[in-house]
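Engineer: Mind looking at a prediction? Sequence and model below.
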Amino acid sequence: MQPLHEKKTMDPSKTHRTLKLGPASAGRTVKLGPAPAGRALTLGPAPRLEETIEKPPSNILTGYKKVPASTRIKNWVKKIPFFQEMDYLRRKIYDSSLFDFAVKDLAEKLAQWPPALLLDVTNRCNAKCVWCPNPDLTDLGAMKMDLYRKIIDDYAVRGGVVHFGTFGEPLMDKTIKEKIEYLQKFPAIKRVEVLTNAFFMNEKIIPTLLENSVAVDISLDELDRETFEDVKKMSYDVVRKNIIDLLEANDRLDRPVPVNFRIKTLKTMEETLDNEFFNIIQSHQCTIALTPIENNIISNWAGRFDKDGFLDRYGIGSGKAVRFSHKRFNLTNTAPCTQLWKWMVVYWDGSVVLCCADMFSSTPVGNLREDSIADVWGGTVLTELRKKMIARKRFEIPICQNCDIHLSWHHLKNDYDSNAEPFIGKFL
């Protein structure tokens, strides 16, 4: 298995290290990645992140120094309506069929084998985030080990990236430790990622994550106790302690694992950058994807979530910043969606769903209990759906008709190189 930042088979002799949680080491650096207009702002050496004019608005910071005043000014300038309107127009032109040639070769390579396996090993979640429809799920469960082994044995023939979690909290799976350790026997698994809310990321699982070089993507969102517990409905103190324990243990490793924080917050950029917990996090080795909710970052989950009601409830405006946002553009964009090539999304029961927006498994395209990965990925159902997308017939696919997660297939170039290999140093 290869860590996120290096393509190298793991040394078996290092898979049974003892990790102790204790004080952090000090001193680091800060990087700003894709900013609202899609350009990279960098302070210090950055990992390899492909820059693209299609990148949704966000700020990616990589741990260590205070964000300078010049960066804050640039963030403010990019909020000026003129820039947003021009960026909106640019996306419309670039996502037209005139520029399909720029991504077609890559898409054809990705269609041969799923470059990543997104495993929703459980759709249960302890958090009740106010912007997520997960609490409405009724068909709950966790992937059994025999099914998991069948899927991994099949995938490891050609390999790729294994990513745990999308609809639920993967660390709630009682066999997650066993599932992670099982991957060690397969050199073709290029890297492993886990997306977690960090509530169950405690002293029992942190050593497993670090010893097995699992890249940790933390959906944190809010940084102060009151707002966090209002929108996430779980204990701020537990999450904060777990995060600090992970970062401190990771800092002590000779080869720290990649750690990323997703922060979509009701606070302004300035309030967030000045937050005490934020500054603790960025003093460690990690990246931070920071996007205020006022930038219209919340998704409607393919029409399953009352996004307008949420925005009204929290008093978030609907001016030009919303009208010319990438989410609004996604609702009408007819370019092929990246999801049909980016990864294979596997539900806890083994069914393969169309994309990471299909939380309710409304559009199954196969089932790995009976079928092979190759048969589903290259099968008739997905092949016909891809053809329909390329023909600009997105709105003939029911789940796609009211989806603001729809991203142009040009975004595939953000995640994969021209040989369909995932970029080193970048989470999917």
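Structural biologist: Great, that's in hand. Computed from a prediction, not measured in an experiment: that's the story for all the values here. Numbering: from 1, shown residues only.

Engineer: Could you name the helices and strands sitting against the host helix or strand of Leu290?
Structural biologist: Leu290 is part of strand 287-292 when elements are defined by DSSP states H and E. In this structure, strand 287-292 makes packing contacts with strand 59-62, strand 259-265, helix 269-273, judged by 3 or more Cβ pairs under 8 Å, 6 or more residues apart in numbering; DSSP states H and E. Backbone N, C-alpha and C define where each C-beta goes, glycine included.

Engineer: Most tightly packed of these?
Structural biologist: Sort those by mean neighbour count, taking mean count of other Cβ atoms under 10 Å, and strand 59-62 sits at the top with a mean of 25.

Engineer: Please, where are all the helices along the stretch 301-428 of the chain?
Structural biologist: Ranges of helices in the stretch 301-428 of the chain, per DSSP state H, counting those that start in this stretch, are 307-313, 320-323, 326-332, 339-342, 373-377, 380-390, 412-415.

Engineer: hmm, who's touching the first one?
Structural biologist: Judged by Cβ atoms under 8 Å, 6 or more residues apart in numbering, the contacts made with helix 307-313 from elsewhere in the structure are Val130, Trp131, Ile298, Ser299, Asn300, Ser318, Asp404.

Engineer: Check the longest one too.
Structural biologist: Surrounding helix 380-390, the residues in contact under the criterion Cβ under 8 Å, 6+ apart are 100, 111, 336-337, 340-341, 354, 365-366, 376, 394, 396-397, 409.

Engineer: Provide a list of residue ranges in the stretch 201-350 of the chain with pLDDT below threshold.
Structural biologist: Within the stretch 201-350 of the chain, the segments meeting pLDDT under 70 span 295-296, 317-324.

Engineer: and the gap between Asn330 and Ile390?
Structural biologist: 18 Å (Cβ to Cβ, to the nearest Å).

Engineer: who's more crowded, those two?
Structural biologist: Legend: neighbour count by other Cβ atoms under 10 Å for Asn330 and Ile390, higher for Asn330 (21 against 16).

Engineer: That one reaches Leu407, doesn't it?
Structural biologist: Yes - counting by Cβ atoms under 8 Å, Asn330 does reach Leu407; the two are 6.6 Å apart.

Engineer: which element is His163 on?
Structural biologist: strand 160-164.

Engineer: That strand - contacts with which helices or strands?
Structural biologist: So strand 160-164, by 3+ Cβ pairs under 8 Å, 6+ apart, packs with strand 116-119, helix 176-182, strand 189-196.

Engineer: Apply 7 Å and report the result again.
Structural biologist: strand 116-119, strand 189-196 (3 or more Cβ pairs under 7 Å, 6 or more residues apart in numbering; DSSP states H and E).

Engineer: Buried deepest among these, which one?
Structural biologist: By mean count of other Cβ under 10 Å, the helices and strands packed on strand 160-164 have strand 116-119 as the most buried, with a mean of 24.

Engineer: most surrounded residue in the contacts of helix 307-313?
Structural biologist: Counting neighbours by other Cβ under 10 Å, Asp404 leads the contacts of helix 307-313 with 24 neighbours.
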